[in-house]
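>>> Here is the input, now give the coordinates:
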Amino acid sequence: MTPLGARLRTMREERGITLKDMAKALRISSAYLSALEHGKRGKPTWILLQRIITYFNVIWDEAEELQRLAELSDPRVTIETGGLAPEATELANRLAVDISRLDVEDLSFLRNEVMKRAGRAKV
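Sure, this is the predicted structure:
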């Protein structure tokens, strides 16, 4: 599941909306919406994201959060390490091989550590 998919599912369930009803209102298939929620599809188009924001009638801050989550929700990531330190290539490859073996606590720790060391605030 992607960050955006998890948020959409939560928003839909909190409002008691079925996947079928939401898909119909957004003019997309239930299968596509399900795939988006489960991380089987990449980030939605800008137009679809705007429809989702309108559908939920969210305030500006929450709309920005959905847009931010969409940017972080591509389930197929490519990391270019050419020209970087060998450790960067090793790290990218180790993550590619081992990420499925890490639990949520480990993933959160690693994400926060990377963000801290890269000089960004915690998500």
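>>> Is it correct that Pro3 is in contact with Leu72?
Yes. Counting by CB atoms under 8 Å, Pro3 touches Leu72, with 5.1 Å between them. Backbone N, C-alpha and C define where each C-beta goes, glycine included.
>>> Tell me which of the two has more neighbours.
Shown here are Pro3 and Leu72; by other CB atoms under 10 Å, Pro3 has more neighbours (18 against 12).
>>> can you give me how far the strand or helix carrying Lys24 is from the chain middle?
Using DSSP states H and E, Lys24 maps to helix 19-26. Relative to the centre of its chain, helix 19-26 is centred 20 Å away, using CA atoms, centre = their mean, to the nearest Å.
>>> angle of the very next helix or strand once past that helix against helix 19-26?
Sequence-wise, the next helix or strand downstream of helix 19-26 (DSSP H and E) is helix 30-38. Put simply, helix 30-38 runs at 100 degrees to helix 19-26, going by axes from the mean of the first three to the mean of the last three CA atoms, to 10 degrees.
>>> packing partners for helix 30-38?
Counting by 3 or more CB pairs under 8 Å, 6 or more residues apart in numbering; DSSP states H and E, the packing neighbours recorded for helix 30-38 are helix 3-14, helix 19-26.
>>> and for the first one, what are the contacting residues?
Under the criterion CB atoms under 8 Å, 6 or more residues apart in numbering, residues 1, 18-19, 22, 36-39, 43-44, 52, 56, 65-66, 69-70, 72-73 lie in contact with helix 3-14.
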